[in-house]
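Participant: have a look; sequence and predicted model below, questions after that.
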Amino acid sequence: MITIKSQREIALMREAGCLAAQTLDMIAAYIKPGVSTEELNQICHDFIVSHDAYPAPLNYKGFPKSICTSVNEVICHGIPSEQVILKDGDIINIDVTAIKHGYHGDTNRTYFVGEPSPEVRQLVEFTHEVTMKAISIVRPGIRVGDIGHLIQTEAEARGYGVVREFTGHGLGRKFHEPPSIYHYGKPGTGAKIRKGMTFTIEPMINLGSHELHVLDDGWTAVTNDGKWSAQFEHSIAVTDDGYEILTLSA
Ligand code: MF3
Ligand code: CO
Ligand code: CO
């Protein structure tokens, strides 16, 4: 069942979302060649906990760490590790979900480690732009398929692959609630968007094919062709005539 949030609940989600965004602001200074993804995990964990919140991924369905760190050909759900050391030219997505006052705020960004290749820079910049463009069409009355169609059309026109296996999702008291927000689809189809719904939009866009597999650790999703993948994510609330981004730091 899709839950409709009250103004009071949306205010609490704004607080959780703001903290998640501030975590992403804070961690940017630490993303440099030589740092391990476990160090980034520890810094984010301490920041979240010190703000009277809890990192939702930790122990979620057995996930062992507090954030997801997805480097280069890792699409999502990368597990922080002392063995994964960033190097110049890499890209890394950091996905933070904070629980505060019982409500979730879920957001991610893809960062450059030093200077990426031009084609990778274009991929990351495009993925951010298409995420914001998809958010901008949200208002009561549109359908989930309208969001997916916009993202798929723009990505495929540039020859990029759109990941199918992972979607945006409703969130609130739960980390993942209905509806699923597909990043591909047909206009005018799927669940109708209504005022008070809260959900994420978080397209994963690949330089090559959309096909993926999950590693033996049960979490890490990587591209089948080894080409790199980018992602951005915001949590949003549907308002009377549009949307509010809940995961802004300012
Ligand atoms: N934050 C991710 C999302 O955007 C979910 C991570 S689940 C975890 O939905 F267990 F891998 F942390
Ligand atoms: Co999410
Ligand atoms: Co997330």
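Facilitator: Ah, there it is. Please read these numbers as outputs of a predicted model, since none were measured by experiment. Ligands and ions are numbered 1, 2, ... in the order given.
Participant: from ligand 2, how far off is residue 238?
Facilitator: Applying C-beta to the ion, to the nearest Å, one obtains 16 Å for the distance of residue 238 from ligand 2. Every residue, glycine included, has its C-beta placed from N, CA and C.
Participant: for that residue, which non-adjacent residue is closest in space?
Facilitator: Nearest residue to residue 238 in three dimensions, chain neighbours excluded: residue 197, at 4.7 Å (C-beta to C-beta, 6 or more residues apart in numbering).
Participant: what pLDDT does that neighbour get?
Facilitator: At residue 197, the predicted lDDT confidence score is 98.
Participant: what about it, distance to residue 169?
Facilitator: Plainly put, residue 197 is 11 Å away from residue 169 if you go by C-beta to C-beta, to the nearest Å.
Participant: what kind of secondary structure is residue 205 in?
Facilitator: Local secondary structure at residue 205 is given as strand here, using DSSP: H, G, I helix; E, B strand; the rest coil.
Participant: and the nearest residue to it once chain neighbours are set aside, what are its phi and psi?
Facilitator: Setting aside the residues directly before and after it, residue 205 is nearest to residue 127 in space (C-beta to C-beta, 6+ apart), at 4.6 Å. Backbone torsions for residue 127, taken as degrees, to the nearest 10, come to phi -60, psi -40.
Participant: surely residue 127 and residue 232 touch.
Facilitator: Yes - using C-beta atoms under 8 Å, residue 127 is in contact with residue 232, at 5.7 Å.
Participant: may I have the helix or strand hosting residue 96 exported as PDB, CA atoms only?
Facilitator: In this assignment (DSSP states H and E), residue 96 forms part of strand 91-100. These are the backbone C-alpha positions of strand 91-100, laid out as PDB (Å, rounded to 0.1, in the frame of the first residue of the first chain):
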ATOM      1  CA  ILE A  91      34.500   7.600  -9.900                       C
ATOM      2  CA  ILE A  92      32.700   6.600  -6.600                       C
ATOM      3  CA  ASN A  93      29.100   6.700  -5.700                       C
ATOM      4  CA  ILE A  94      28.300   7.200  -2.100                       C
ATOM      5  CA  ASP A  95      24.800   6.300  -1.000                       C
ATOM      6  CA  VAL A  96      23.700   7.600   2.400                       C
ATOM      7  CA  THR A  97      20.400   6.800   4.200                       C
ATOM      8  CA  ALA A  98      19.800   8.300   7.600                       C
ATOM      9  CA  ILE A  99      17.000   7.400  10.000                       C
ATOM     10  CA  LYS A 100      16.000  10.200  12.300                       C
END
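Participant: what pairs with that strand, parallel or antiparallel?
Facilitator: Applying DSSP bridges, strand 91-100 is found paired with strand 54-55 (antiparallel), strand 68-71 (antiparallel), strand 103-112 (antiparallel).
Participant: among these, which is nearest residue 183?
Facilitator: Using C-beta to C-beta as the criterion, the shortest distance between residue 183 and the strands paired with strand 91-100 is 13.7 Å, found for strand 103-112.
Participant: can you pull the buried residues of that closest one?
Facilitator: Neighbour-count burial for strand 103-112 flags 103-111 (criterion: 16 or more other C-beta atoms under 10 Å).
Participant: no further queries at this time; thank you.
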